[in-house]
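Trainee: could you work out the structure for the sequence below:
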Amino acid sequence: ERHILVNGEPATPTQAPRMGDVITLNWPEARPTEVLPQDIPLEILHEDSDVLVINKAAGMVVHPAPGHPRGTLVNALLARLPDLQAINGTIRPGIVHRLDRDTSGLMVVAKHERALAFLQAQFRDRTVEKRYLALVDGHPRTDRGAIDAPIGRRPDRPDEMALVSIPRGGRNALTYFRTVENFAKHTLIECKIV
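Mentor: Numbering: from 1, shown residues only. Sure thing, here's the model as predicted:
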């Protein structure tokens, strides 16, 4: 979030300090400690006593953060399920994983601590299979393949991800893709993130 600078440049999440580095911390404003419920419509695809499966709309922020204290998925969840406030802290109640603001898709929300631990273990152990549809510029050279390259935050735009070498803070990333449909200047692909 650009609060830590190393030699005047934003630090990357995996950057290790070196002898002689000048590290500057710009202490951010405190995050909200109380998240208020808001009656925001949600597209619920499944609900039982353990989980809620939501189709998150593009443009919706998942949890409150500086600049987004209201209008988030968490605000909407607390209006629907007030007891979530006690699960996984006040900012991320029931949240097992997240999607970027501009990404739409399914999200699983835990309704109690046991479900949260069970789901978190699946994400940690990578037993959850994630698939996305993406509309990309141009056409891939092949109808299916793999992208095996490190990704990280762009040094010049830390709110965006890009190919970043591992020494510069990138992390290994593997994505399989296949073409779903070709258009004149774009391709609809299905991606499986490993």
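
Trainee: which pLDDT value goes with the residue lying closest to His112 once chain neighbours are set aside?
Mentor: Counting by Cβ to Cβ, 6 or more residues apart in numbering, His112 lies nearest to Ile87, which is 6.5 Å off, once chain neighbours are set aside. Yep, even glycine has a C-beta here, placed from its N, CA and C like the rest. Note on Ile87: pLDDT of 72.

Trainee: do you know how far Ile87 is from Pro69?
Mentor: According to Cβ to Cβ, to the nearest Å, Ile87 and Pro69 sit 20 Å apart.

Trainee: more neighbours: those two, which one.
Mentor: Ile87 (20 against 15; other Cβ atoms under 10 Å).

Trainee: ok, back up a step: for Thr179, see how far away the residue nearest to His112 is.
Mentor: For Ile87, the distance to Thr179 equals 40 Å [Cβ to Cβ].

Trainee: same deal with Pro158?
Mentor: Distance, Pro158 to Thr179, using Cβ to Cβ: 32 Å.

Trainee: looking at the chain, which helix is longest?
Mentor: The longest helix of the chain (DSSP state H) is helix 113-124.

Trainee: which residue is the nearest non-sequential neighbour of Phe123?
Mentor: Using Cβ to Cβ, 6+ apart, the closest residue to Phe123 is His97 (5.7 Å).

Trainee: so that neighbour, which state does it fall into?
Mentor: At His97 the chain is in coil, as set by DSSP: H, G, I helix; E, B strand; the rest coil.

Trainee: residues touching it, list them.
Mentor: Taking Cβ atoms under 8 Å, 6 or more residues apart in numbering as the criterion, His97 is in contact with 107-108, 123, 128.

Trainee: go with 10 Å
Mentor: With contact set as Cβ atoms under 10 Å, 6 or more residues apart in numbering, His97 has these partners: 62, 106-109, 119-120, 122-123, 128, 130.

Trainee: of the residues you listed, the lowest pLDDT goes to which?
Mentor: Lys130 (85).

Trainee: now that one: phi and psi?
Mentor: Taking degrees, to the nearest 10, you get phi -110, psi 130 for the backbone angles of Lys130.

Trainee: Tyr176 is in contact with that one, correct?
Mentor: No: if you go by Cβ atoms under 10 Å, Lys130 and Tyr176 don't touch, sitting 11.0 Å apart.
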